[in-house]
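**Student:** Any chance you could fold what I've pasted below:
(chains A and B)
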Number of protein chains: 2
Amino acid sequence: MARPTPLSGFPELLPADRFAEQHVLDHLRRTFELHGFASVETRAVEPMDQLLRKGEIDKEVYVLRRLQAAEGEGDAGIGLHFDLTVPFARYVLEHAGKLEFPFRRYQIQKVWRGERPQEGRFREFVQADIDVVAKDELPFHFDVEIATVMAEALSGLPVPPLRIQVNNRKLLEGFYRGLGASDPAVIMRVMDKIDKLSAEAIRELLAKEDLDAAQADKCLALAAIRSPDASFAEQVRQLGVSDPLLDEGIDELAQLVTALGAVQLDGVTVTADLRIARGLDYYTGTVFETELEGFESLGSICSGGRYEKLADDGRNVYPGVGISLGVTRLLVPLISRGHLTASRSVPSAVLVALVDEESRPASNAIAGRLRARGIPTEVAAAPQKFGKQIRYAERRGIPYVWFPADRASAAGDDQAGDDQAGADQVKDIRTGEQSDADADLWNPPEADLRPAVTTLDTSGATS
Amino acid sequence: MARPTPLSGFPELLPADRFAEQHVLDHLRRTFELHGFASVETRAVEPMDQLLRKGEIDKEVYVLRRLQAAEGEGDAGIGLHFDLTVPFARYVLEHAGKLEFPFRRYQIQKVWRGERPQEGRFREFVQADIDVVAKDELPFHFDVEIATVMAEALSGLPVPPLRIQVNNRKLLEGFYRGLGASDPAVIMRVMDKIDKLSAEAIRELLAKEDLDAAQADKCLALAAIRSPDASFAEQVRQLGVSDPLLDEGIDELAQLVTALGAVQLDGVTVTADLRIARGLDYYTGTVFETELEGFESLGSICSGGRYEKLADDGRNVYPGVGISLGVTRLLVPLISRGHLTASRSVPSAVLVALVDEESRPASNAIAGRLRARGIPTEVAAAPQKFGKQIRYAERRGIPYVWFPADRASAAGDDQAGDDQAGADQVKDIRTGEQSDADADLWNPPEADLRPAVTTLDTSGATS
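**Tutor:** Sure, this is the predicted structure:
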């Protein structure tokens, strides 16, 4: 078999890079669980009628067929999920009788889309979603909770600064209605194009919707408002538009940014940004987007919002609020540019050297004693000269090599030193420092126990 | 939308059961990493020509097609992987230049097979594989290592006793050759049917391969040998067959069971069982199978062996040894019969009660202080009477409810007691015990920090 070539859009990581990904996934899971979110995994497939319900992205679905399926066999009716929201809505309905509401869940899984691959767009990628779903009614404080939990989860990640932008569709809809628009939803969809069109083009589209120049100016002025705190409210009011829904939206958004402003976040900023609409989605209140500094062209890597109807089984309506983090979209561009990796390609903190093949059980026993105390350890593959065993560790990034006490018996070795009579020794191969050690007592520094995730400066990154 | 129904063969877990699964996956990962195995994830899809290389199971592959694919588009050439060995072999070849050999990897992922679903057979299921692969040569001590690591990983799992059975194909092949069989591989395939056919039927098949009654008796006698230690060797030698490959196989198998006998294992027994051949696979030496006590009809839930040629790129041959654990096959039958679950449906160890909606920030602050010390905590959804908030915790299995100091302001509450002036209190709702507590100092017992995985007696289980 010839050397295989990668499949475009299906990223795979080398072991050291995979550690960086696992580090991020562990941090996300830990944060979600600290906040009481339960893990859910759904099957990878859904019936096609479920996948096509929203209609927008039918071209992106991968349909499954059994290779030897009989003509007309039912399998053709299933496809791979393209997000985690559709499966979660189905899971909630299917298991509603066995779930406790309000129900907080996180879900970290791969999803598939048959899109044309490009940077930040993959055919297979990992998403990490959190949602709270309730029966019939979901109080607004859950919007604050969801935003807080995701902001905390993003905080401290080994990535460039993240900018969370929040808005509220009630604010937008109320504003457009108060302004006199006959169909606020249409205005919202026009204004959602603000990043792609010129102000002039937006004005023309608004004119078609019977907004005059003064009204269009106010729409554009609204979209220009942003603040790191609740001060946006005063700027909105100065535009002189009034509507009860607008008031409600302002109040919710103010609560949200005020609450987020009180959370200690590392590498994450939160801004009320009245340009954000997420027009193509079914959100009904709070909306979120997130930009990665220096990688703005990737688009939003973490988005979500409030939807009054996540699911509906005819008897009950299930409102929800949730955010989805594109883990692969966030990490793979950083990894593939060398900005993010880990300090070693194996979990092992220690390589136990091997004096000769006969003493393998002795080296295994040392490794076992280290592992019993939680120290990842491997034993050398072959009883080579110690210099070669040290280089074996070096190539894998293993920081410590452990020499069994009887290593003096290894003839012709110039690396082991000669001042040890009967005690094991451990060498930090980065510094060359070597000292007596007891496998029941010795511990590496905490930082060496796991591979360290290393982030390189991304200031030179272009998007 | 009506209530959805499950898809046969695609199991999904409720949150408490998912905890049990996560507990098992965490234990596996931790064991594998302690032994220096690096995590690899491969994409879910492989080119069809890769998937069909082994020929045996082509009917089981799910082929992918983009819903709106153009006629003849390349996508039709990919399918979902049906195991983790084919993708790993491809990964090794694709990335050989960037991997350090011998290369230890573990891989925990879903795989898909379009089989007819039945108990223990799923269309989507999780496998946990470990393999060591080398370039050109892989010493036998890696067989011992792989078996030891998996035995340790299986040890202490919350499942009924597991019986690992080991054998060696060199022993079988050498024995049949020494006996005078012209094609030992054919005899091995006949003997692999020993669990399905009567001794008489086996004798007839062996007669067709020109083995006489005495030779057939020896084959059956060999297959009846089992021992928990190296004593099988003497029993084999008493059959009076000799062959160099037989000697090599006996020696390897003796090393393996002796090494495994020295490992402390909880709930796992290891037996040299000379009946095991794994005839349809491409193993060339050590072979493993594993039975779950009381669930023998599930077949082997953890199998593997040595293959001299995991991969081959024309320049190098990559021998390997590995074992694959069927996580779903092991857990779902236990879960679906109620033998395995967890003590709660949420990660939260503490529910912070809510006095009134105005004091939500105070309750949030308490939760934040507990979380900062690693205690999963949620805040009550609504300021109901404390009795209702306690029942909210009870329904989710949350063991502790935390009452903020100012709860006295909650009028009409009969659950809060009346002996607290100004101190927070925490109540163990299982015992009713309640005491003053400081959110910066209090800790639940270690056992309450995470949901406890509960195993019920399976002695009544029928397979």
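**Student:** beta partners of whichever residue of the stretch 351-463 of chain A sits closest to chain B?
**Tutor:** Proximity of the stretch 351-463 of chain A to chain B (C-beta to the nearest C-beta) peaks at A:E378, 3.3 Å away. Any C-beta I mention is one placed from the backbone N, CA and C, and that applies to glycine too. Under DSSP bridges, the beta-bridge partners of A:E378 are A:L351.
**Student:** so what's it up against?
**Tutor:** Taking C-beta atoms under 8 Å, 6 or more residues apart in numbering or on different chains, we find A:E378 in contact with A:346, A:348, A:350-352, A:367, A:398, B:35-36, B:104.
**Student:** can we see that at 10 Å?
**Tutor:** By C-beta atoms under 10 Å, 6 or more residues apart in numbering or on different chains, the contact list for A:E378 reads A:346-352, A:363, A:367, A:371, A:392-393, A:396, A:398, B:34-37, B:102, B:104, B:145.
**Student:** With A:T148 instead?
**Tutor:** The contact partners of A:T148, by C-beta under 10 Å, 6+ apart, come to A:35, A:256, A:259-260, A:262-263, A:265, A:270, B:364, B:368.
**Student:** That one belongs to a helix, doesn't it?
**Tutor:** Yes - counting by DSSP: H, G, I helix; E, B strand; the rest coil, one finds A:T148 located in a helix.
**Student:** returning to what we had before: of the contacts of A:T148, keep whichever come out buried.
**Tutor:** Among the contacts of A:T148, the ones that count as buried by 16 or more other C-beta atoms under 10 Å in any protein chain shown are A:35, A:256, A:259-260, A:263, A:265, A:270, B:364, B:368.
**Student:** okay, those residues in a markdown table with distance to A:H95 and pLDDT next?
**Tutor:** Below are the buried ones among the contacts of A:T148 laid out as a markdown table (distance: C-beta to C-beta, whole Å; pLDDT from 0 to 100):
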| residue | distance to A:H95 | pLDDT |
| --- | --- | --- |
| A:H35 | 21 | 98 |
| A:L256 | 30 | 98 |
| A:A259 | 31 | 95 |
| A:L260 | 32 | 96 |
| A:V263 | 32 | 92 |
| A:L265 | 34 | 95 |
| A:V270 | 34 | 97 |
| B:N364 | 29 | 96 |
| B:G368 | 31 | 97 |
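**Student:** Secondary structure and distance to B:P184 for those - can I get that in CSV?
**Tutor:** Compiled in CSV, those are given as follows (DSSP: H, G, I helix; E, B strand; the rest coil; distance: C-beta to C-beta, whole Å):
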residue, secondary structure, distance to B:P184
A:H35, coil, 61
A:L256, helix, 73
A:A259, helix, 73
A:L260, helix, 71
A:V263, coil, 69
A:L265, coil, 67
A:V270, strand, 70
B:N364, helix, 71
B:G368, helix, 68
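**Student:** Which of these sits closest to A:V321?
**Tutor:** Nearest to A:V321, judged by C-beta to C-beta, of these is A:L256 at 10.8 Å.
**Student:** The closest one touches A:F288, doesn't it?
**Tutor:** Yes - using C-beta atoms under 10 Å, A:L256 is in contact with A:F288, at 9.3 Å.
**Student:** okay, and the common contacts of those two?
**Tutor:** In contact with both A:L256 and A:F288: A:143, A:146-147, A:166-167, A:270, using C-beta under 10 Å, 6+ apart.
**Student:** Looking at those, point me to the pair that's furthest apart.
**Tutor:** Distance extremes for these: the farthest pair is A:I146 and A:N167 at 14.6 Å, using C-beta to C-beta.
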